[in-house]
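A.B. asks: Build me a structure from this.
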Amino acid sequence: MKRAIVGGGDDDMSNKRRRSVNVAVEEQEQQPVLFKKARITPSSSSSACSAPAVSVAESGVGIAGDRDAHWTELPDDTVFGLFNLLNYRDRASLASVCRAWRGLGSSTSLWTSLDLRLHRLDSEVVSALAGRCSNLQCLKFRGGAFANSIVGLHARELRELSGDWCSLLSDATLSMVVARHGNLESLQLGSDCERVTSEALKVVAVCCPKLRRLCISGIRDVDRDAIQAMFQHCQGLTELGFLDSHTIDEGAFGAARNLRFLSVAGCRCIAWSTAAQCWSKLPNLSGLDVSRTDITPSTLAQVLACPELKVVCGLNCPLLEEGSNPIPSPSSKTAVLLARFTDLMEGLEVLLNPSNSKEEACSSGRSRYGRRMRVDPEVAKWTERMLSHALLKIAESNAPSLDSFWLKQGTAMMLRLVQSAQEDVQERAAAALAVFVLVDDENATVDSARAEAVMNGGGIALLLGLAKSCGEGVQSEAAKAIANLSVNTEVAKRVALEGGISILAALARSPNRWVAEEAAGGLWNLSVGEEHKGAIAEAGAIEALVDLAFKWPAGGEGVLERAAGALANLAADDKCSMEVAVAGGVRALVRLAQFCNHEGVQEQAARALANLATHGDSNGNNAAVGREAGALEALVRLTGSNHEGVRQEAAGALWNLSFDDRNREAIAAAGGVEALVALAQDCSSGSQGLQERAAGALWGLSVSEANSIAIGREGGVAPLITLAHSNSEDVHETAVGALWNLAFNPGNALRMAEEGVPALVHLCSSSRSKMARFMAALALAYMFDGRMDEVAVRVSSGENHGRTVNLEAIRKLALRSIDAFVLTFCDQQALTAAASSWAPATLNQVAETARIQEAGLLRCSGAELGRFVAMLRNGSAVLRTCAAFALLQFTMPGGRHAMHHADLLQKTGASRVLRTVAAAATAAMQAKVFARIVLRNLEHHQAESNAVVALL
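C.D. replies: Residues are numbered from 1 along each chain as shown. A predicted model of the protein is given here:
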């Protein structure tokens, strides 16, 4: 006998929320690593792109008559426009349609810009692209290990080069790259370029004299010679950034006559007195970013005196924000200062549109900063880039002290930057929104106030708009933000209301792994609970999620875990579980459980299989999982995993699968008994969820007498007794269910006699769970109905018996406990009235008082019911009463299996025995009344059965 689980206990594992994590890739192994920083996943295009449709009339293309245009008749400029919307991979696919399109697709004018950050830049990709990159001017890549491959593209005309995650980029590689691309005007290298030194910067300066922008993050030391070489050889250098560097020679900027923008954000070892003296004299300095530094108010006042300075970004500067030292204002004018204690939105508005500043009329064009300001597009763009960098870094720090800032200004600023015309700014703003809401990454907890501030500020519509863009990087970051925000139930409702489910379903079909991964994560979170599951299925997301399991068999652990997690949540719903099976989900999930070595994927795949198997009474998924080749063997193997979550979900799946008779025997044949006994023995220090599932799986297998004997032989009784002592209701209730089944066998009953009786007696009297108390009483009844005595005699006379159990003493203890248990469900006044009149009303009153609702979920075999019928003839009045009480529970109308039990009892002739008990003058009153109620229940079910037959 057993009860169904849907993958979980108190924590509702059937709808387990996904960990809102951010994934990075180590360039050497390409394996996902969990960390709290955002993954910037930049642009390209995708099949989920929603470019606006253009009619024939709007395009200016005339087609004779009213006939439909055939694709072969599309003008070259229209096809060329389509090519421009695609990434390199989709361009290649489109070019294969016909010879004419192949020629158009090979045009070098199409290949002026490539964003390969979401693609592996290996030798195969380089070889495929090399012939098309003669006119390539802008390239973005990811991973320092792939920088060597850039040379193989033969892009001599390259003007802009941008790289992310460059921790493995060395001086030698960087020097080689810049030596082959002397026309570079912009070089941006991000994320911990710790292996790059000042020596490489000197090579950059010599090889790239046309350089106008240089921005490097994480370089350790930038010495005077490197800085001076930059200004000496790169006369047009106007933008320079050394972010998160250890040391910078701040006094080496004297020759920077043309420098307009300087960023030292995150640099903590700057001599500010020297910096202020030097930088305040720079004649063309328009923008300075000192965010996340320890700049002082006095230094800032000196810098603000710079003649052409228009904006200073000073977010998260502790010494500026202490408030102890007011910032002096220059006498002539004040540049826009963007800090936590200033109005960020107003300051940005002044830079972007000074004529709309709050304090002057539109016609005056004067800002509150003291002079007439003109719009400088370069200043505005640079400011947006620096703000997005700063906000992302601050969001990643997740400092609790920033709550007020995020709610008052930060959220609004991020939403403003999401609307920027610069795609890289949109990406970073979306990434910041994804990160700043996280409170506890491991437990998938978000800050409700922050999440709802994004929602109330119109952020959901903005993010969904980004998710529909043609840029894969923007899609990825927007989907990640939607996923994390959707942990909040109110935000999840808004996402669904604004069409977000369909958008995420479309993105889940993206050929780009990163985009599909974040979309699957969003569907995982939205599938929590029952509210959105139907909409997810209607959007076709189930098919997309199943396809992901086949599309990324290796190297895509992140997308596989999210897809399996979403399918696990969806499978908890009966209708959705059938759709998962129809879409091929059983085979996909079994394949993941068999062949994927990533523990997160294994855990979610096992959970999904557990939830699919839950609906055995309403569909065929339980049997289907068992029939899938290798499924049961894989789950049995996973119970021995080193990861507790994997063991827990695998055991839960086996528990649910054991409801099917064939599965139960197949699990045992696959080594399930030995594996689960070992798991029960080892899980005493594990989580309550693991303990419950280990006991539950043994409970399920023990329905078979052969399995029950095997469990006892393998040593399964002792760990179950240990689990029965647990303070957790779920754990001890499940363990006592398994012990009840095991006690049916006399050999197991004898094994339980010494250590098991005290535990069962304790549960029978003190557990808060009625079910635990009920099954403990039934286990004790099995043990002492006489069948164990013969085995005890044989064992006691054996040569190897080392100790003697005082069965008589523990029998008395057990019978007292059973009697006390039954009495707690008896109303003596109602019993007396029922015994004297047999009136239906009084019988109903006794039945309702005695009824245990959860017992109606239990399903008994004919042998088990026969055991209770035989117990009605037992010499012990206590056991007779207990047997009648048990049969009452199993036959009460409304129970899930009551009709089945009634049919079995009728076939065994139980009615005659029940009448004998009900009429016996010497029988206990409780036994007589309970037997009478069981007879009434049997009559009720017979009448129902006859009515059904009559209708047929």
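A.B. asks: Helix or strand for the nearest residue to Cys207 once chain neighbours are set aside, just tell me which one.
C.D. replies: Using Cβ to Cβ, 6 or more residues apart in numbering and skipping residues adjacent in sequence, the residue nearest Cys207 is Val178, 4.5 Å away. Heads up, the C-betas are built off the backbone N, CA and C, glycines and all. Assignment of secondary structure by DSSP states H and E places Val178 within helix 171-180.
A.B. asks: May I have that helix exported as CSV, CA atoms only?
C.D. replies: In CSV, the C-alpha atoms belonging to helix 171-180 read as follows (Å, rounded to 0.1, in the frame of the first residue of the first chain):
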residue,chain,number,x,y,z
ASP,A,171,50.2,39.8,-24.0
ALA,A,172,51.5,37.6,-26.9
THR,A,173,48.0,36.9,-28.2
LEU,A,174,46.9,40.6,-28.0
SER,A,175,50.1,41.7,-29.6
MET,A,176,49.6,39.3,-32.5
VAL,A,177,46.0,40.5,-33.0
VAL,A,178,46.8,44.2,-33.1
ALA,A,179,49.8,43.6,-35.3
ARG,A,180,47.6,42.1,-38.0
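A.B. asks: Identify the residues contacting the closest residue to Ser448 other than its chain neighbours.
C.D. replies: Of all residues not flanking Ser448 in the chain, Asn488 sits nearest, at 5.6 Å (Cβ to Cβ, 6+ apart). Residues counted as contacts of Asn488 (Cβ atoms under 8 Å, 6 or more residues apart in numbering) are 437, 446, 448, 451-452, 455.
A.B. asks: how much space between Asn488 and Arg224?
C.D. replies: 51 Å (Cβ to Cβ, to the nearest Å).
A.B. asks: How about Ser510?
C.D. replies: Ser510 is 48 Å from Arg224, where distance means Cβ to Cβ.
A.B. asks: of these two, who's got more company?
C.D. replies: Taking Ser510 and Arg224 together and counting by other Cβ atoms under 10 Å, Ser510 has the greater number of neighbours (25 against 14).
A.B. asks: I'd say the more buried one and Ala520 touch.
C.D. replies: No: no contact is recorded between Ser510 and Ala520 when judged using Cβ atoms under 8 Å, the distance being 10.1 Å.
A.B. asks: thinking again about what came up before, let me have the contacts of Asn488 in a markdown table, extended by pLDDT.
C.D. replies: Compiled in a markdown table, the contacts of Asn488 are given as follows (pLDDT from 0 to 100):
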| residue | pLDDT |
| --- | --- |
| Val437 | 94 |
| Val446 | 92 |
| Ser448 | 94 |
| Ala451 | 96 |
| Glu452 | 96 |
| Met455 | 97 |
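A.B. asks: What subset of these is buried?
C.D. replies: When neighbours are counted using 16 or more other Cβ atoms under 10 Å, those contain these buried positions: 437, 446, 451-452, 455.
A.B. asks: what residue ranges in the stretch 301-450 of the chain score low on pLDDT?
C.D. replies: Counting by pLDDT under 70, the stretch 301-450 of the chain contains low-confidence ranges at 323-333, 354-375.
A.B. asks: swap the cut-off to 50 and go again
C.D. replies: 324-325, 328-332, 358-372 (pLDDT under 50).
A.B. asks: Helices of that one, start to end?
C.D. replies: Taking DSSP state H, counting those that start in this stretch as the test, the helices found in the stretch 301-450 of the chain are 318-321, 344-352, 377-397, 403-405, 411-418, 423-436, 448-456.
A.B. asks: angle of the last one against helix 411-418?
C.D. replies: Our comparison of helix 448-456 with helix 411-418, counting by axes from the mean of the first three to the mean of the last three Cα atoms, to 10 degrees, yields an angle of 40 degrees.
A.B. asks: picking that back up, quick check: the residue nearest to Ser448 vs Gly500, distance?
C.D. replies: Using Cβ to Cβ, Asn488 is found at 13 Å from Gly500.
A.B. asks: For Asn284, grab phi and psi.
C.D. replies: Listed backbone geometry of Asn284 is phi -120, psi 10, with angles given as degrees, to the nearest 10.
A.B. asks: same question, Val546
C.D. replies: phi -60, psi -40.
A.B. asks: Kindly report the same for Leu189.
C.D. replies: With angles defined as degrees, to the nearest 10, Leu189 shows backbone torsions of phi -130, psi 120.
A.B. asks: Just the CA coordinates for the helix or strand harbouring Arg915, please, in CSV.
C.D. replies: Using DSSP H and E, the element containing Arg915 is helix 910-919. Below are the C-alpha coordinates for helix 910-919, written out as CSV (Å, rounded to 0.1, in the frame of the first residue of the first chain):
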residue,chain,number,x,y,z
ALA,A,910,-16.3,-11.4,4.0
SER,A,911,-20.0,-10.5,4.5
ARG,A,912,-20.6,-13.7,6.4
VAL,A,913,-17.7,-13.2,8.8
LEU,A,914,-18.8,-9.6,9.3
ARG,A,915,-22.3,-10.6,10.1
THR,A,916,-21.0,-13.1,12.6
VAL,A,917,-18.9,-10.4,14.4
ALA,A,918,-21.8,-7.9,14.3
ALA,A,919,-24.2,-10.5,15.9
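A.B. asks: what is the rounded mean pLDDT of that helix?
C.D. replies: Looking at helix 910-919 alone, the average pLDDT works out to 94.
A.B. asks: what residues does it touch?
C.D. replies: Contact with helix 910-919 is made by 865, 869, 872-873, 880, 884, 887, 905, 923, 927-929, 931-932, 934-935, 938, as judged by Cβ under 8 Å, 6+ apart.
A.B. asks: again, but for stretch 291-305
C.D. replies: Residues external to stretch 291-305 that are found in contact with it (Cβ under 8 Å, 6+ apart): 264-268, 270, 272-273, 275-277, 279-280, 288, 290, 309, 312-320, 325-330, 332, 334-335, 337, 386, 389-390, 393-394.
A.B. asks: buried set for that stretch?
C.D. replies: Buried residues in stretch 291-305, counting neighbours by 16+ other Cβ under 10 Å, are found at 291-293, 295-297, 299-305.
A.B. asks: Also stretch 655-668?
C.D. replies: Within stretch 655-668, the residues that qualify as buried by neighbour count (16+ other Cβ under 10 Å) are 655-660, 663-668.
A.B. asks: Now that Ala205 has come up, it's in contact with Ala229, right?
C.D. replies: Yes: using Cβ under 8 Å as the test, Ala205 is close enough to Ala229 to be in contact (4.1 Å).
A.B. asks: So which of these two has more stuff around it?
C.D. replies: When Ala205 and Ala229 are compared on other Cβ under 10 Å, the one with more neighbours turns out to be Ala205, at 23 against 19.
A.B. asks: circling back to that earlier point, distance of the residue nearest to Cys207 from Asp171?
C.D. replies: Distance from Val178 to Asp171, counting by Cβ to Cβ: 11 Å.
A.B. asks: any common contacting residues for those two?
C.D. replies: In terms of Cβ under 8 Å, 6+ apart, Val178 and Asp171 are both contacted by the residues Val203.
A.B. asks: State the next helix or strand along the chain beyond the helix holding Arg915.
C.D. replies: Counting by DSSP H and E, what follows helix 910-919 is helix 925-951.
A.B. asks: what number of residues lie near Met775?
C.D. replies: Neighbour count of Met775, defined by other Cβ under 10 Å: 30.
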